[in-house]
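S.K.: Starting from these lines, generate the structure:
(one chain, ligands or ions: 1)
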Amino acid sequence: MKLYTHKNINQLQKYIPKECNVFAIIDNKVKDYFKAFKNWNFIGIDALENAKTLEKAGEICSRLMEMKAGRDCFIIGAGGGVTTDLAGFVASIYKRGVRFGLVPTTLLAAADAAIGGKNGVNHLGIKNMMGTITQPEWTFQSTEFFRTLDERVFKEGIAEILKTFLLMDEEGFYESADFFRNYNHRSPSQRQEQNLRSLVRRCALRKMQIVEKDEFDHQARRFLNLGHTFGHALESYYGGEILHGEAVAAGTLAAARLSVKLSLMKERTFDLISDCYSACGISFRFGVKAADLLKYIVNDKKISGGEIVFILPVETGTKTEAWSIPLPEFKKLCKGVVL
Ligand SMILES: NC(=O)c1ccc[n+]([C@@H]2O[C@H](COP(=O)([O-])OP(=O)(O)OC[C@H]3O[C@@H](n4cnc5c(N)ncnc54)[C@H](O)[C@@H]3O)[C@@H](O)[C@H]2O)c1
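M.R.: Alright, predicted model coming up:
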């Protein structure tokens, strides 16, 4: 997969194969950005987490059939993570798979969701229950889109960036915490936006390094699940009322708390990490007991043979461990942990 990073979307056209008919599956909220692309066929969607379903994917496939999209078409998924997950899924199954590229329009999608080829839909209230791992030909990042994001949506992107750097880039972690504490995403200076582009690109490249080592999620890639076991459970608990990045931030802090309980992480490191999240204004405290999330965790894809593979941060950006913990032990460990 190629990663293109630009100031605005003027350069997008050059990455689209000339010989292909383009079908853009696009979040209705960002349609205006794409007005110049007169020769594209558009399928607009309302990007809601509860629209990331098999039914919706089927509907989009029906629209593609009506619009006579052939095997040689090129699909573009443009929007936040809901749209890029859904569009990538459709592209990977329509006529057994067609070429596609992604244009993430949220900070979260640019730094994370549109990188790595995981596509999918939710099912029966469980996140990403069905999906494929199919790489887009490219992902096109531009910071231009972020100026119109809601405050909460922008901040959940920060949370995902912190998570990736917490895993594998200590300098990136503290640099981004420092950068975001004073960043006004609605009216940034050119210099600030340029710095944001570098941070987002650096974060995406870090994720790509891991994906290149383990595309199908057997070893190294599972570390990217830091914060997701609790995070996904929290999202299911709230039934779509909270944002993915908010849930993952709370899940990451809870994982760090478990790491302290297991004497892997120092209390001081925990405080430093927690301060960085707070300084960026990320709300990660929901007052939900970890014990109340266990019934959602039972359906987690990371459970096998009665054991959960749990990702535990140890040192900022340099050390993380994956522990297989039997469920009864995990339950005990969760006692007293509040997200
Ligand atoms: N595939 C992966 O590896 C991966 C990784 C992380 C998250 N995800 C998925 O990503 C999803 C969350 O992504 P998200 O937070 O981007 O969600 P989203 O797509 O729901 O976008 C959030 C909101 O922002 C709006 N929006 C999008 N772009 C905008 C813009 N430029 N200006 C104004 N509003 C805009 C959307 O319409 C929506 O209301 C979840 O479904 C999660 O599971 C996937």
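
S.K.: which ones are touching the closest residue to Phe145 other than its chain neighbours?
M.R.: Nearest residue to Phe145 in three dimensions, chain neighbours excluded: Thr105, at 4.0 Å (Cβ to Cβ, 6 or more residues apart in numbering). Backbone N, C-alpha and C define where each C-beta goes, glycine included. Counting by Cβ atoms under 8 Å, 6 or more residues apart in numbering, Thr105 touches Asp27, Val30, Tyr33, Ala78, Gly79, Gly80, Thr83, Phe145, Phe146.

S.K.: Write the ChimeraX selection for whichever of the residues you listed are buried.
M.R.: If you want just the buried ones from these in ChimeraX, going by 16 or more other Cβ atoms under 10 Å, the selection is:
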select :27,30,33,78,79,80,83,145,146
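
S.K.: farthest pair in the contacts of Thr105?
M.R.: Comparing all pairs in the contacts of Thr105 by Cβ to Cβ, the longest separation belongs to Thr83 and Phe146, at 15.2 Å.

S.K.: ok so, going back, looking at the contacts of Thr105, spot the one nearest the ligand.
M.R.: The nearest member of the contacts of Thr105 to the ligand, counting by Cβ to the nearest ligand atom, is Gly80 at 2.3 Å.

S.K.: now the closest residue in space to the closest one that isn't next to it in sequence: how far from the ligand?
M.R.: Spatially, and ignoring its direct neighbours in sequence, Gly80 is nearest to Thr106 (3.8 Å; Cβ to Cβ, 6+ apart). Per Cβ to the nearest ligand atom, to the nearest Å, Thr106 is found 3 Å from the ligand.

S.K.: which bits of the stretch 101-250 of the chain sit near the ligand?
M.R.: Residues of the stretch 101-250 of the chain lying close to the ligand by Cβ under 6 Å from any ligand atom are 105-106, 108-109, 112-113, 116, 118, 127-128, 145, 148-149, 153, 156, 243-245.

S.K.: Those residues in helices, which ones?
M.R.: Mapping these onto helices (DSSP state H) picks out Leu108, Val153, Glu156, His244, Gly245.

S.K.: per-residue pLDDT, the residue nearest to Phe145?
M.R.: We have a pLDDT of 98 for Thr105.

S.K.: One more: Asp300?
M.R.: 68.

S.K.: what does Arg71 give?
M.R.: Reading off the confidence values, Arg71 has pLDDT 96.

S.K.: Quick check: it vs the ligand, distance?
M.R.: 24 Å.

S.K.: Provide the secondary structure category for that residue.
M.R.: Look at Arg71: counting by DSSP: H, G, I helix; E, B strand; the rest coil, its state is coil.

S.K.: Look up phi and psi at it.
M.R.: Phi and psi for Arg71, reported as degrees, to the nearest 10, are phi -60, psi -20.

S.K.: repeat for the one 4 residues further on
M.R.: Reported as degrees, to the nearest 10, the phi and psi values for Ile75 are phi -100, psi 140.

S.K.: which residues does it form a beta bridge with?
M.R.: Assessed by DSSP bridges, Ile75 has beta-bridge partners Phe23, Phe100.

S.K.: What is the burial count for it?
M.R.: Residues lying near Ile75 (other Cβ atoms under 10 Å) number 27.

S.K.: tally of neighbours for the residue lying closest to Ala91 once chain neighbours are set aside?
M.R.: What sits nearest to Ala91 in space, not counting adjacent residues and going by Cβ to Cβ, 6+ apart, is Phe100, at 3.6 Å. Phe100 is flanked by 25 other residues according to other Cβ under 10 Å.

S.K.: The closest residue to Gly240 other than its chain neighbours and Thr83, how far apart?
M.R.: Take Gly240 and drop its neighbours on the chain: the residue closest to it by Cβ to Cβ, 6+ apart is Glu49, 4.7 Å away. Distance of Glu49 to Thr83, given as Cβ to Cβ, to the nearest Å: 11 Å.

S.K.: Could you give the average pLDDT over the top helix by length along the chain?
M.R.: Counting residues, the longest helix found in the chain (DSSP H) is helix 190-213. The average pLDDT for helix 190-213 rounds to 96.

S.K.: Just list what the next helix or strand after it packs against, helices and strands only.
M.R.: The C-terminal neighbour of helix 190-213 among helices and strands, as given by DSSP states H and E, is helix 228-238. With contacts taken as 3 or more Cβ pairs under 8 Å, 6 or more residues apart in numbering; DSSP states H and E, helix 228-238 sits against strand 126-133, helix 244-261, helix 294-297, strand 307-315.

S.K.: neighbouring strands for the helix or strand following the third one, and are they parallel or not?
M.R.: Read that as helix 294-297. Where DSSP H and E defines the elements, the next helix or strand beyond helix 294-297 is strand 303-304. Under the criterion DSSP bridges, strand 303-304 sits next to strand 307-315 (antiparallel) in its sheet.
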